[in-house]
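S.K.: what follows is a predicted protein model with its sequence.
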Amino acid sequence: HPHMFQRGVLRQHGHSEFTASVDLWSLGVTLYHVAFGRLPFQAFGGRSDSETMYKIISERSSGEVSGSQRFHNGSIERSKELPDTSYLCRSLKSLLKPVFAGLFDPDPTRTWNFNTYFQAVSDIIDMTTLLVFNSGTCENIRLYLKNNECLVHIQEKIGYLTEIPANRQIILLGDKPLTNLVDINDQIQSFPKVVLKTTLIVYDKDGCEQYQCYTPKIPPFLPLKTSLSNDEAVAKQCAGNAFFVEFNLKQVLENQHLADEALLHLRNHYQDALKPTEVLIPEIEKQTALVNVRIEMIRESQKQAQVCLTVFKNIGTLDPDSGVEELEAFVVTDNSLPELLKKTQGRLDEIRTYMSVLSRKENDHPLSPSDDLCCDEGRDRCLTKMGHLRQGIAAVSSTFSKHRKYSILHAHEEFIHKCEREKLENSLIPVIELYQSHCVKNLTKVHHWSSRNISVFLKHLARSGKVETNVRCVTDCLNQMNEKLLKIKDSFKLATEKLMSLFATITSQTVKLPVSLRETPEGSSACERGSFNSERSIQGSKRNELLKSLFREIDYIRISGQELGTVLLDYERSIQELKSRLEMASMPSMLFCTRGETSGYGSGAPNVFLPSFHDLFPSPGIDANVRVTSSDALPVYHGAQNNTGTPIVYPNNFDSKFETHLSTDCQRTVHVYNFPNIVSSYSSNTANHLNHLHRTVNAISTNNGYSGTTPHSETTRIVQGASVSKPSNVVTYFNTTYERQLEDSKSTELIPRGLFSSVII
């Protein structure tokens, strides 16, 4: 302390009192000497140059922690920073710096007291340490964190020590991001033990090639002087430097292996980041294709509705309050859906391009073996060699300490002293060469190789982030299209109701047609009445044909509306599952949707939002060996096929065989959305035909129907099958229609082809 030095060394009178600050000063000097191996304030001549020494310690400014004179009558070098060459890490030195500054502060009002000192020391002792490896500089960092600090504070300290801002940091524990293991608000004291015991690896998103390799500094070795009094001090310092070099050598070897692990973990992390996207892309493509089909079906439905609207307008004048405006609003095409679909397909093309490039780049940059670059203890034995050299230097220092006790050495002792000095000189050169020319050089090679490859994978990781952005964009587009499809569903339902209402109104008007046809104007001649009746008959026939066509279109729209509701429900579930999987993955989560397919109806007319028919009605198995002649043929079912696709003609014992075949697993499923057409090619009496038809339809009704193709017989007469949602309605249809035909015509003719081709259920 300056006051003690003035009174005790310089023997000068002073009026200062010796307070607790003197003890705190001594404590600070002792801690500094232990931590850094030298005194904080020192003149070139030591105690012999007391005047310079007093000047160094008395003229210091606030915040200074050291002051020294390197040569005789030289300038005094003062510093507010702690020495670079020490066993302390940079994080701990940043904590000790204010402690030394407070203990050495010349201002009595700002000098620390014991309470402040013990509080600061207790805070440092209670801190939790966390190991972090900087992949850019190959530096191993030890963080000192308070127990109540969280991930944000970790990023701030890493940014302070590595100059990597928090927004550019990628912190991995193994190949997993640290954010997957701890929450951003979790405190250090609640972190898993594996996080506290394992070295974290930090990467700079902008790459690592711009950083220089960090190598721990070692103090210079002083030149040896041929002096008995100086040899002991020089040898002692050389021994201390040898211990410090060995300590740094262990860090260099550890950093070499951590650089290899940093590259390996980043590669694994990159591959894990791509896996969810690779799974999502096929599902997104399938979902997009399905939406495309649905949009096309909506267009077809709007065209059908437009046809119905045209028919209504051609029939006659409609009431303005009949709801035609809603129907006209439905047939208006929404251009936003195709635009969203086009945007989605464009994003999908970008995703495919990025994934193709990433796959090719990954194959172009495989991991190269780095065994030849790193120091291998089994091969190079670097630590063993350094330990042997350090022991030799320490032995020389011990010998010089013994010789210093003697004022005069004998001849053989002088010879031993000379040999030990040569031994010390010969040991210092290998220490420096082993550390700098071998281990540090290998670390530089490893850093150059690893930083180049790490930068490549960081660029790939950035590209994968763009893929995730496109995936989220596609998902948003799908959600928007889903919302629009839901609105179309409601308008579709409303349009169907309006169509039915309009049809009921027009039908009630056409029921009076037969009566009006028999009415003739009064006073007309027989010829005029005949011409008038003929014209009215032609108009009524055309009107009936229009009504029949309108009936078919309305039935199609109604059934399509029911199917639309079912498939939209499946689509909503698929979108919800897509969103949940995308949230679960880092990037990006998985889109798993319910399988939905579409197919043609009749001659190619689409069914809007209809799921796969085989999901609702299983197809029956068909015996490929059942064949009969056309003369023995009974009903041939439209679509019965064997495994080779050949139509099957059922014999007279069809009922039992049909029930048997329905229980057989079919190897081929044909997607058709109407029930089988019944073909008759025999000329028996109508009653037997009707009975057999009833049994056949009942068999179909109890077994949910099957798919169909066109029969081969040219003498068959076709009864159009009903497109219904319940098989039991087929029985009612054939019972009512055939019995009415039988009662009216008293003939064996079936219902004419094309009449009521579909039935509204």
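M.R.: Cool, the structure landed. Numbering: from 1, shown residues only.

S.K.: break the chain down into its domains, please.
M.R.: Per automatic domain parsing, the domain ranges recorded for the chain read 2-126, 612-745.

S.K.: any low-confidence regions in the stretch 351-500 of the chain?
M.R.: 361-372 (pLDDT under 70).

S.K.: mind listing the helices for it?
M.R.: Counting by DSSP state H, counting those that start in this stretch, one finds helices in the stretch 351-500 of the chain at the ranges 382-403, 411-432, 441-510.

S.K.: can you redo these as JSON lines with mean neighbour count and distance to P2?
M.R.: In this view, the C-beta of every residue, glycine as well, is placed from N, C-alpha and C. Formatted as JSON lines, those follow (neighbours: other CB atoms under 10 Å; distance: least, CB to CB, whole Å):
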{"stretch": "helix 382-403", "mean neighbour count": "18", "distance to P2": "33"}
{"stretch": "helix 411-432", "mean neighbour count": "15", "distance to P2": "38"}
{"stretch": "helix 441-510", "mean neighbour count": "18", "distance to P2": "45"}
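
S.K.: could I get those as TSV with distance to G46?
M.R.: Shown next, in TSV, are the helices of the stretch 351-500 of the chain (distance: least, CB to CB, whole Å):
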stretch	distance to G46
helix 382-403	18
helix 411-432	23
helix 441-510	38
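
S.K.: now for these, which one comes closest to E553?
M.R.: Nearest to E553, of all those, is helix 441-510, at 8.1 Å by CB to CB.

S.K.: ok, R168 - contacts?
M.R.: 204-206 (CB atoms under 8 Å, 6 or more residues apart in numbering).

S.K.: closest one of the residues you listed to L181?
M.R.: Using CB to CB, K205 comes nearest to L181 of the contacts of R168, at 19.8 Å.

S.K.: quick one, phi/psi of the closest one?
M.R.: Backbone torsions of K205, given as degrees, to the nearest 10, read phi -60, psi -30.

S.K.: that one contacts K459, correct?
M.R.: No - counting by CB atoms under 8 Å, K205 stays clear of K459, with 9.6 Å between them.

S.K.: helices of the stretch 1-150 of the chain, start to end?
M.R.: 2-8, 20-36, 50-58, 90-103, 114-125.

S.K.: for A394, find the nearest of those helices.
M.R.: helix 20-36 (19.0 Å).

S.K.: that closest one: which residues count as buried?
M.R.: 21, 24-25, 28-29, 31-32, 35-36 (16 or more other CB atoms under 10 Å).

S.K.: need the residues that contact that helix.
M.R.: If you take CB under 8 Å, 6+ apart as the criterion, helix 20-36 is touched by 1, 3-4, 39-41, 65-66, 82-83, 85-88, 96, 99-100, 103-104, 108, 111-114, 117.

S.K.: about what we covered before: would you single out the least confident of the domains of the chain?
M.R.: Lowest mean pLDDT within those: domain 612-745, at a mean of 38.

S.K.: how about the strands in this structure?
M.R.: 41-42, 66-69, 76-79, 128-134, 139-145, 169-173, 176-177, 200-204, 600-601, 605-606, 636-637, 678-680, 717-719 (DSSP state E).

S.K.: am I right that T215 is in contact with V440?
M.R.: Yes - contact criterion CB under 8 Å: T215 and V440 qualify, at 5.0 Å.

S.K.: neighbour count: these two, which is higher?
M.R.: T215 (21 against 18; other CB atoms under 10 Å).

S.K.: contact partners for that one?
M.R.: 252, 440, 443-444.

S.K.: 6 Å - rerun?
M.R.: Contacts for T215 were tallied using CB atoms under 6 Å, 6 or more residues apart in numbering; they are V440.

S.K.: how about the one 3 residues further on?
M.R.: Residues near I218 by CB under 6 Å, 6+ apart: V245.

S.K.: which of the contacts of R168 are buried?
M.R.: Of these, these count as buried by 16+ other CB under 10 Å: D204.

S.K.: which of the contacts of R168 sits closest to N335?
M.R.: Taking CB to CB as the measure, N335 lies nearest K205 of the contacts of R168, at 40.4 Å.

S.K.: adding pLDDT, write the contacts of R168 out as a markdown table.
M.R.: Below are those laid out as a markdown table (pLDDT from 0 to 100):
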| residue | pLDDT |
| --- | --- |
| D204 | 91 |
| K205 | 87 |
| D206 | 84 |
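
S.K.: make TSV from the contacts of R168 and add distance to N241 to it.
M.R.: Output for those, formatted as TSV (distance: CB to CB, whole Å):
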residue	distance to N241
D204	34
K205	39
D206	38
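
S.K.: between the helices of the stretch 1-150 of the chain, which one is nearest to E553?
M.R.: Ranking these by their distance to E553 (criterion: CB to CB) puts helix 90-103 first, at 79.2 Å.

S.K.: contacts for the closest one?
M.R.: By CB under 6 Å, 6+ apart, the residues outside helix 90-103 that reach it are 24, 28, 63, 65, 82, 112, 120, 124, 142-144.

S.K.: how about stretch 67-83?
M.R.: The contact list for stretch 67-83 (CB under 6 Å, 6+ apart) reads 36, 41-44, 56, 63-64, 66, 93, 97.

S.K.: and which of these is nearest to I575?
M.R.: K93 (55.8 Å).

S.K.: for P40, see how far away the closest one is.
M.R.: 14 Å (CB to CB, to the nearest Å).

S.K.: counting neighbours, go ahead and name the busier of these two.
M.R.: P40 (24 against 17).

S.K.: one step back: and the helices of the stretch 1-150 of the chain: which comes nearest T384?
M.R.: helix 20-36 (28.4 Å).

S.K.: let me know the angle separating that closest one from helix 50-58.
M.R.: Relative orientation of helix 20-36 versus helix 50-58 (axes from the mean of the first three to the mean of the last three CA atoms, to 10 degrees): 100 degrees.

S.K.: buried ones among the contacts of stretch 67-83?
M.R.: Among these, those buried by neighbour count (16+ other CB under 10 Å) are 36, 41-44, 56, 63-64, 66, 93.

S.K.: out of the residues you listed, flag the one nearest to L428.
M.R.: Ranked by distance to L428 (CB to CB), those are led by F36 at 21.3 Å.

S.K.: if you skip the residues just before and after it, what's nearest to G28?
M.R.: Of all residues not flanking G28 in the chain, L103 sits nearest, at 3.3 Å (CB to CB, 6 or more residues apart in numbering).

S.K.: please apply the same query to S336.
M.R.: For S336, the spatially nearest residue (CB to CB, 6+ apart) is K484, at 6.7 Å.
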